[in-house]
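Colleague: 3D model of this:
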Amino acid sequence: MNDRRRPIKVLLAKPGLDGHDQGAKVVARAMIDAGFDLRYTGLRQSPEQVVAAALAHGADVIALSSMAGAHLAFCERLAPLLREAGLGDRLWIIGGNLPAADHDALRALGFAGVFATGSKLDAITTFISEHLR
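Modeller: Numbers count the residues shown, from 1 in each chain. The predicted structure is shown next:
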């Protein structure tokens, strides 16, 4: 899977008022099955909570699952906080209900992986593994 001596540490968070977490739980299971050390924050996380959880977990990957449509506003608040906390060099990914028109803006903010609803689970885990070799 990867050349690392320890499992890849992933923080998976549900941003803002998003109350839809079934997809996040499916992705979480796939990440665990891929051998990642996963921490799932649960619902309704603020940008500050995501940063604190990423620091506490020592996350290599900061992953968001967003279904509520507020992903751009949330990520615009989160990105500078991640950088200020020294997490700018980590792999940032986001998945969920993400219109194609928003993908470039998310990448410009620093989210290297953008996975729209319907993305294959192995595409997500492979993306992470390949970017952290």
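Colleague: make it CA atoms for all contacts and neighbour counts henceforth
Modeller: Will do.
Colleague: which SSE is residue 25 in?
Modeller: helix 22-33 (DSSP states H and E).
Colleague: wait, residue 87
Modeller: Counting by DSSP H and E, no helix or strand carries residue 87.
Colleague: for residue 95, same thing?
Modeller: Here residue 95 sits within strand 91-96, counting by DSSP H and E.
Colleague: quick one: average confidence on that strand?
Modeller: The predicted model assigns strand 91-96 a mean pLDDT of 97.
Colleague: Report the inter-axis angle for it versus helix 22-33.
Modeller: In terms of direction (axes from the mean of the first three to the mean of the last three C-alpha atoms, to 10 degrees), strand 91-96 departs from helix 22-33 by 140 degrees.
Colleague: Can you tell me the strand partners of strand 91-96 and which way each runs?
Modeller: Strands adjacent to strand 91-96 in the sheet, as given by DSSP bridges, are strand 61-66 (parallel), strand 113-116 (parallel).
Colleague: Mind checking what secondary structure residue 35 has?
Modeller: Using DSSP: H, G, I helix; E, B strand; the rest coil, the structure places residue 35 in coil.
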